[in-house]
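[1] Kindly return the folded structure for what I paste below:
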Amino acid sequence: MSGLGNALVIIAVIALVVVRQFSAERVSGDHRWWAPPAVLLFLALRKPELVDPDHRTASAVILGAELLVGLATGAGWARTTRVWRAEDGSVWSKGTKATVLVWIAGLGLRAALYGIAVALDVHQGSPAPMAALAVTLLVRTGLLARRAAAIPAPSRGPAAGVALRPEWKDPV
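    As a prediction, this is how the structure comes out:
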């Protein structure tokens with residue numbers, strides 16, 4: 001896939017994820033939650049331009065920082081997402097105002113890393129942001145799956161028809 005193709009994939013995935021994040025979405029109990037981020041990571045890692053051959057050390061350091069930003073963004077995104085169990089027992093999630101701040105901070109840090117790369121004359125192709133996005137999605141989805149599994153199932157006793165209130169507080 002060309003650099004333009006990779007950029008289009010990154011933009012499409014980000015657009016889809018952001019739109020879905022800010023509307024209530026059912027958290028799947030499917031154990032294959034890791035598959036879409038794994039495909040993105042595979043696409044990124046198979047590209048030789050993941051590391052600039054003329055500046056290997058600086059490029060590897062910037063890539064590592066990019067992956068750490070992805071890790072932190074994914075963790076912050078999962079932490080600021082509201083998760084609750086509906087009356088029917090299904091688990092739902094929705095981004096909060098704090099989630100927007102996490103996205104803005106992540107984008108700002110990525111822009112700073114890109115600026116550092118430009119200043120050091122390190123070429124960064126599309127595989128680096130694609131790998132970071134994969135890490136972000138992997139961490140976010142994994143932590144949400146873990147949070148969803150920790151929410152107690154509705155009781156089957158006399159109060160089974162009582163509506164469950166989500167126990168959460170919007171961080172912002």
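[2] the bottom helix or strand of the chain by mean pLDDT?
    Ranked by mean pLDDT, DSSP states H and E, the helix or strand of the chain with the weakest confidence is helix 3-21, at a mean of 71.
[3] which outside residues touch that one?
    1, 40, 43, 47, 77, 81, 94-95, 99, 103, 125-127, 129-130, 133, 137 (CB atoms under 8 Å, 6 or more residues apart in numbering). Any C-beta I mention is one placed from the backbone N, CA and C, and that applies to glycine too.
[4] Looking at those residues, which are in strands?
    Using DSSP state E, the subset of the contacts of helix 3-21 located in strands is residue 94.
[5] Can you tell me which of the contacts of helix 3-21 are buried?
    For the contacts of helix 3-21, a burial check counting by 16 or more other CB atoms under 10 Å picks out 40, 43, 47, 77, 81, 94-95, 99, 103, 125-127, 129-130, 133, 137.
[6] Go ahead and flag the most central residue of the protein.
    Nearest residue to the geometric centre of the chain (CA atoms, centre = their mean): residue 137, 2.9 Å.
[7] ok, for it, nearest residue in space, not its chain neighbours?
    Nearest non-adjacent residue to residue 137, counting by CB to CB, 6 or more residues apart in numbering: residue 37, 4.0 Å away.
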